[in-house]
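Visitor: Give me coordinates for this.
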Amino acid sequence: MQRDAYDSAYQKYKIKFTIRSLSLAGHKFVLPQSRIVYPSSMTYFAQRGLLRVGFRTKDRKRYSGINHDVSLQIRKKEALFRVLVKIPLTVRILCPECFGSNIYCESCGGQGTYKGTRNLEVLFEPELMVNDRVYEFELSRFRPDKFIHFKKKILRVKIEILP
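Guide: Reported below is the predicted structural model:
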């Protein structure tokens, strides 16, 4: 008798969970900018005491074991959704005035390009949300706009599932 009560309660819970997870899986969740972490930034190194004299950035990365550029902190219940991440990255923009051909251009100062930022928008499906997995994006395949390209060639993104 207790076994039947347990089985019926378990079946109700299982059905509710299945329906809930299926209904949430189609929706999209936008990850807040506060949970996009750059582990190779100077602030991150300063918090961990790695800004000593004589360390270069690649030495700091090797010492700390960092093998990625961006870390995305996603909560466990948000991993049920399709997660849209807007990662701000540095881009090089071809000067719209001279198109890089005038060394006396007042807009770019003769450089031909100037720096800016654009968002790389990545949509992660729920089945891609695996804790500590590192995804690699070849940024030369993505162009945010005409005459604009990302400064980095390869971006390594790590997924961190928080409780």
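Visitor: Skipping its backbone neighbours, what lies nearest E97 in space?
Guide: The shortest distance from E97 to any non-neighbouring residue, by Cβ to Cβ, 6 or more residues apart in numbering, is to S107 (4.3 Å). The C-beta positions use only the backbone N, C-alpha and C, and glycine is treated the same way.
Visitor: Contact partners for K158?
Guide: Going by Cβ atoms under 8 Å, 6 or more residues apart in numbering, K158 touches 68, 70-72, 132-135.
Visitor: Narrow those to those that are buried.
Guide: Taking 16 or more other Cβ atoms under 10 Å as the criterion, what is buried in these is 68, 70-72, 135.
Visitor: before we move on, the earlier item: give me every residue that touches the residue nearest to E97.
Guide: 95-98, 114.
Visitor: ditto for I74
Guide: Counting by Cβ under 8 Å, 6+ apart, the residues that I74 touches are 31, 35, 83, 129, 159-162.
Visitor: Flag whichever of the residues you listed scores worst on pLDDT.
Guide: Lowest pLDDT among the contacts of I74: M129, with 84.
Visitor: how many other residues sit next to that residue?
Guide: Taking other Cβ atoms under 10 Å as the neighbour definition, M129 ends up with a count of 19.
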